[in-house]
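A.B. asks: just a sequence and a predicted model for now, questions to come.
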Amino acid sequence: MDVVLSGLGDALNLLNVLYVILGVSLGIVVGCIPGLSGPIAIAMVIPLTYFMPTVGAIGFLVGINKGGCFGGSISAILLNTPGAPEAAATCFDGYPLAKQGKGLKAMKVALISSVFGDFFSTCLVILLAGSVAKYALKMGPAELLSVLILAMMLIAALESENFFNGVISAALGILIACIGMEPVAGLPRFDFGLYQLESGLPIATLGVGLLAVAEIVRQCTACDNKECQFEDMLSVDYKDPKNDLSFRELISLVPTLIRSALVGSGIGACPGLGSTVACFLSYGIAEKAAKPGDKFRHGELKGVCAPETANNAVVGAALIPLFTLGIPGSVAASLLVGAFIVHGITPGPLMFEEHGRTVYGVYGSMILGNIATLLLGLISIRVFVKVLDIPKEVLFPVILFICLMGAYAMESDPFSVYVMAAFGFVGYMMRVARFSIVTFIIGFVLGKSFEISLQQTLLTFNGDMSVMFTSPIALFFNLCTIVFVCWNTWSAIKKFKASRRSVETA
């Protein structure tokens, strides 16, 4: 009990509260800018957290993620352009509502839905993470290896347009993770004689390059195309009675709130599925459960409520596999791994025993983040929309400058800037070739754990890998992997045959 109270006391420290508020504010601003998102902002500011206390640093980054998820709905409703991919489904009904003069009402629903989904998943993390971690401690290297393989196959299938492209992306991520010291022999590999590579590539530098720099390059190269031509922001009349959200309308949203929060939390707890999957799945379920009077895709409040509740529920739930197994459940969670490691904490089941006070401090910061999102959201729907008016020719250079300074500050070495630039090019080419950057990043993050678990299994059982099919837990996960891979392979073959037939017919 003392550990819990001490952790909550750390969360309520005035400096920590300010960090959380600053993080949520930054997240909302970044989230409402088309093309940017919470994970990009997290990747950019991780170097700033080196000098923060642990609880304040994690609270700051989690606050950015929370604010970013809500901020994406602002541009989705007013511009018909999602600030982040997870807000894409919000456009379906948010923009029609804005065209009807109900933009403020739509943003109010988005805010309430975001806070509810986030709070729901945060409660799940607090209630379930500790219990799940106790069972996770009973898992040996063979069981953990089977979980990692299944996780990467799920990520490859659900975060990629093509299953095989996803597998390739994950494999490339694991390959890049092999740069540096070999964990057992302690010998350098793939360092090409560069001492900077002996300790491996930092996730923050790699993340800034793949996410922020690559996205800026992509948008700049698309500026002559229709993709870059955003519609003018719709004006919002704050005094119009049409923008008042009645109690009856709010009550009618309760079933959608609960259902979407469950969907988002379930998807967030599965490593790698992410907010975008939750967004579209929740919207699809809400559309199928529509009543006769509902007008989905023509200005329905439930159409805003469902995706916003689900994608924000992922934010908290994605920390469940991170805290219990050390497996990030989203891109933002994978970037948080770097922040934890910088502060001497390795995410996983042992974290609850070795750093219990910090864990409860993070829990307190997550709750503070929910409150800050609600309060700042009420302000942002009137004020932060002005950020959308910043010209891209001003915005992009500023963001790129921050990325350069952040990359240099990480190691105080220009080599980090070169690495960021190189992965910016890699990220751009992956986008062009339609390879999943999310799968690549999570493959990179899981690469070390994958290799260590594989080597520990080989050493423990003298090279006999049959334990993967004799251990009940490992057998269960391996069978799930085999069924999942076979199903996706068959689906890919059917799609290929169908596309070939259509070409021949044409």
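C.D. replies: Perfect, thanks for sending it. Residues are numbered from 1 along each chain as shown.
A.B. asks: so how far is the host helix or strand of residue 373 off the chain centroid?
C.D. replies: Here residue 373 is covered by helix 356-380, with elements defined by DSSP states H and E. Remark: helix 356-380 is offset 17 Å from the chain centroid, using C-alpha atoms, centre = their mean, to the nearest Å.
A.B. asks: same question for stretch 418-426.
C.D. replies: 21 Å.
A.B. asks: give me the mean pLDDT for it.
C.D. replies: Across stretch 418-426, pLDDT averages out at 88.
A.B. asks: quick one: buried residues of that stretch?
C.D. replies: By neighbour count on 16 or more other C-beta atoms under 10 Å, the buried set for stretch 418-426 is 419-421, 423-424, 426. In this view, the C-beta of every residue, glycine as well, is placed from N, C-alpha and C.
A.B. asks: next one: stretch 460-478
C.D. replies: Here stretch 460-478 shows 461, 467-468, 471, 473-475, 477-478 as buried, counting by 16+ other C-beta under 10 Å.
A.B. asks: for it, measure first residue to last.
C.D. replies: Start-to-end span of stretch 460-478 (C-alpha to C-alpha, to the nearest Å) is 19 Å.
A.B. asks: quick revisit: and which of the buried residues of stretch 460-478 is nearest to residue 113?
C.D. replies: Using C-beta to C-beta, residue 477 comes nearest to residue 113 of the buried residues of stretch 460-478, at 33.8 Å.
A.B. asks: any idea how far that closest one lies from residue 104?
C.D. replies: 48 Å (C-beta to C-beta, to the nearest Å).
A.B. asks: quick one: low-confidence parts of the stretch 101-250 of the chain?
C.D. replies: Across the stretch 101-250 of the chain, residues meeting the criterion (pLDDT under 70) sit at 130-138, 155, 158-161, 204, 222-242.
A.B. asks: pick the one among the buried residues of stretch 418-426 closest to residue 181.
C.D. replies: Out of the buried residues of stretch 418-426, the member with the shortest distance to residue 181 (by C-beta to C-beta) is residue 419, at 17.2 Å.
A.B. asks: just to check, that closest one is in contact with residue 408?
C.D. replies: No: if you go by C-beta atoms under 8 Å, residue 419 and residue 408 don't touch, sitting 10.9 Å apart.
A.B. asks: break down the stretch 251-400 of the chain into its helices, ranges please.
C.D. replies: 254-269, 274-288, 301-317, 319-325, 331-342, 351-354, 356-380, 392-411 (DSSP state H, counting those that start in this stretch).
A.B. asks: the fifth one vs helix 356-380, what angle?
C.D. replies: With axes from the mean of the first three to the mean of the last three C-alpha atoms, to 10 degrees as the criterion, the two stretches helix 331-342 and helix 356-380 enclose an angle of 140 degrees.
A.B. asks: for helix 331-342, which helices and strands make contact with it?
C.D. replies: For helix 331-342, the packing partners by 3 or more C-beta pairs under 8 Å, 6 or more residues apart in numbering; DSSP states H and E come out as helix 38-45, helix 54-78, helix 203-207, helix 319-325, helix 437-460.
A.B. asks: check the second one too.
C.D. replies: For helix 274-288, the packing partners by 3+ C-beta pairs under 8 Å, 6+ apart come out as helix 254-269, helix 301-317.
A.B. asks: can you rerun that using 10 Å?
C.D. replies: helix 38-45, helix 54-78, helix 91-99, helix 141-158, helix 254-269, helix 301-317, helix 331-342, helix 437-460 (3 or more C-beta pairs under 10 Å, 6 or more residues apart in numbering; DSSP states H and E).
A.B. asks: so which of these comes closest to residue 198?
C.D. replies: helix 437-460 (14.6 Å).
A.B. asks: from the helices of the stretch 251-400 of the chain, which stretch is densest packed?
C.D. replies: With neighbours taken as mean count of other C-beta atoms under 10 Å, the helices of the stretch 251-400 of the chain reach their highest mean count in helix 301-317, at a mean of 33.
A.B. asks: average pLDDT across that one?
C.D. replies: Regarding helix 301-317, the rounded mean pLDDT is 87.
A.B. asks: now that helix - C-alpha only, PDB.
C.D. replies: What follows is helix 301-317, C-alpha atoms only, in PDB (Å, rounded to 0.1, in the frame of the first residue of the first chain):
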ATOM      1  CA  LEU A 301     -23.400  11.500 -34.000                       C
ATOM      2  CA  LYS A 302     -22.800   7.700 -33.400                       C
ATOM      3  CA  GLY A 303     -20.600   7.700 -36.400                       C
ATOM      4  CA  VAL A 304     -18.300  10.200 -34.600                       C
ATOM      5  CA  CYS A 305     -18.700   8.500 -31.200                       C
ATOM      6  CA  ALA A 306     -17.700   5.000 -32.300                       C
ATOM      7  CA  PRO A 307     -14.300   5.600 -33.900                       C
ATOM      8  CA  GLU A 308     -13.200   8.200 -31.400                       C
ATOM      9  CA  THR A 309     -14.000   6.000 -28.500                       C
ATOM     10  CA  ALA A 310     -12.300   3.000 -30.000                       C
ATOM     11  CA  ASN A 311      -9.100   4.700 -31.100                       C
ATOM     12  CA  ASN A 312      -8.600   6.400 -27.700                       C
ATOM     13  CA  ALA A 313      -9.300   3.100 -25.900                       C
ATOM     14  CA  VAL A 314      -6.300   1.700 -27.700                       C
ATOM     15  CA  VAL A 315      -4.000   4.300 -26.100                       C
ATOM     16  CA  GLY A 316      -4.300   2.800 -22.600                       C
ATOM     17  CA  ALA A 317      -4.900  -0.800 -23.500                       C
END
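A.B. asks: closest to residue 163 out of the buried residues of stretch 418-426?
C.D. replies: Nearest to residue 163 among the buried residues of stretch 418-426, counting by C-beta to C-beta, is residue 426 at 21.2 Å.
A.B. asks: out of the helices and strands packed on helix 274-288, which comes closest to residue 404?
C.D. replies: Nearest of the helices and strands packed on helix 274-288 (C-beta to C-beta): helix 38-45, 10.3 Å.
A.B. asks: who are the packing partners of the closest one?
C.D. replies: helix 14-31, helix 54-78, helix 203-207, helix 214-221, helix 274-288, helix 331-342, helix 392-411, helix 437-460.
A.B. asks: hmm, 6 Å instead?
C.D. replies: On a contact count with 3 or more C-beta pairs under 6 Å, 6 or more residues apart in numbering; DSSP states H and E, helix 38-45 meets helix 54-78, helix 331-342, helix 392-411.
A.B. asks: so it versus helix 214-221, what angle?
C.D. replies: Using the same axes, to 10 degrees: helix 38-45 against helix 214-221 is 110 degrees.
A.B. asks: so how far is helix 38-45 off the chain centroid?
C.D. replies: 10 Å.
A.B. asks: now do that helix, average pLDDT.
C.D. replies: 79.
A.B. asks: and what of stretch 72-87?
C.D. replies: pLDDT averaged over stretch 72-87 gives 72.
A.B. asks: and if you look at stretch 377-392?
C.D. replies: Average pLDDT, stretch 377-392: 66.
A.B. asks: same question for stretch 253-270.
C.D. replies: Rounded mean pLDDT across stretch 253-270 is 85.
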